[in-house]
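S.K.: Here is a sequence with its predicted model. Questions after.
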Amino acid sequence: MTECGQMIEHEMIVANGHRFGVATCGEGDRLALCLHGFPECWYSWRHQMPVLASLGYRVWAPDLRGYGQSHRPPRVADYAIEALMDDVAGFIEAAGARSVFLLGHDWGAVIAWLFAMRNPGALERLSIMNVPHPACAQSNFSLRQLVRSWYALFFQIPRLPEKLLEWRGFDSIGRIFAETAVHPERFDAEVQRVYAENAARPGGMTAMLNYYRALVRGGGIRRQRALGYPVIETPTLMIWGEQDLALTRETTYGTERYVADLTLRYLRDASHWVQQDDPETVNRMLEAWLAGERVPQASELRLG
């Protein structure tokens with residue numbers, strides 16, 4: 001795949017003692033590490049990777065454990081948040097980079113928030129997309145958010161969610177994106193096929209759901225809450241698509257109390273899949289922020 005003159009290639013790496021499929025773009029000793037969410041894969045960063053590479057980063061977008069070509073362990077406990085953070089440390093070690101810019105969306109953002117807290121000094125920059133800081137998610141939890149979070153509770157049931165999703169056909173996974181996006185044309189048949197095929201890999205659906213199971217009934221939330229949420233000193237850009245059907249804007253309120261250097265931008269005309277739904281706006285915000293310039297509001301970019 002080539003975009004903006006930058007080729008996206010694929011390789012297998014060993015990190016944290018396991019094999020992972022990684023999409024790569026660019027070169028150098030400054031690493032931009034992109035963590036995808038559910039039910040995605042590396043492909044969710046296809047619009048950002050060439051842009052980051054053109055800014056001088058070596059970009060890695062791994063398939064997280066359980067996804068794509070990556071290690072797919074069978075137990076719920078294998079997807080504990082601590083193991084997922086160890087994978088991130090393993091990626092950074094394997095890259096041997098001088099500096100690290102960590103980007104996370106959805107589940108990747110859950111991992112990125114906690115990694116930045118538990119590994120002070122490991123990151124040069126942090127960007128979070130459409131997942132609230134865990135302390136804000138807790139303090140701003142509401143009845144409206146509970147209704148939106150129904151799926152996370154349903155996923156706790158063993159085997160039944162997989163059977164239901166498989167019964168509906170894996171094409172339903174691909175359709176989720178177009179059906180919940182502000183710009184469904186961004187998620188055409190080819191994009192949907194990539195995500196459907198990823199979910200259809202043997203054991204793939206169970207692996208995806210085990211992230212939720214390990215966090216909730218596996219005790220991940222409880223363990224992390226007990227450790228507390230120290231202030232993140234890493235400069236952080238938070239980008240939020242407001243038409244998110246899973247998470248309310250209110251869950252972002254108060255983030256500045258937990259991030260010392262926070263830039264927060266809302267995109268009124270983007271969904272939960274923000275970096276795919278409106279990649280032009282997201283990329284221009286990233287470019288400005290990385291250049292040390294004022295990050296424009298989404299409305300200013302539309303006017304421009």
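M.R.: Everything's here; your move. The structure displayed is predicted, hence computed values, not measured ones.
S.K.: okay, CA-based contacts and neighbour counts for the rest of this
M.R.: OK.
S.K.: mind listing the strands for the protein?
M.R.: 2-3, 6-7, 9-15, 18-25, 30-35, 58-62, 99-105, 125-129, 236-243, 262-271 (DSSP state E).
S.K.: Can you give the contact residues for the last one?
M.R.: Spelled out, it's strand 262-271. Outside strand 262-271, the residues that touch it by C-alpha atoms under 8 Å, 6 or more residues apart in numbering are 180-183, 235-245, 256, 277-278, 295, 297-298.
S.K.: Buried ones among those?
M.R.: 180-183, 235-244, 256, 277-278, 295, 298 (16 or more other C-alpha atoms under 10 Å).
S.K.: Could you measure from Asn119 over to Arg65?
M.R.: 20 Å (C-alpha to C-alpha, to the nearest Å).
S.K.: Repeat that for Gly21.
M.R.: 9 Å.
S.K.: Could you do Gln48 as well?
M.R.: Taking C-alpha to C-alpha, one finds Gln48 at 21 Å from Arg65.
S.K.: Looking at those two, which has the bigger crowd around it?
M.R.: Arg65 (24 against 19; other C-alpha atoms under 10 Å).
S.K.: so that one touches Arg75, yeah?
M.R.: No. With contacts counted by C-alpha atoms under 8 Å, Arg65 stays clear of Arg75, the gap being 12.0 Å.
S.K.: all helices for the stretch 101-250 of the chain, in order.
M.R.: 107-118, 134-139, 143-148, 150-154, 160-168, 171-180, 189-199, 204-215, 220-227 (DSSP state H, counting those that start in this stretch).
S.K.: Dump the ones you listed into TSV; add distance to Ser70 and mean pLDDT as well.
M.R.: Formatted as TSV, the helices of the stretch 101-250 of the chain follow (distance: least, C-alpha to C-alpha, whole Å; pLDDT from 0 to 100):
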stretch	distance to Ser70	mean pLDDT
helix 107-118	15	98
helix 134-139	27	95
helix 143-148	30	85
helix 150-154	23	90
helix 160-168	20	86
helix 171-180	19	94
helix 189-199	11	95
helix 204-215	10	97
helix 220-227	22	96
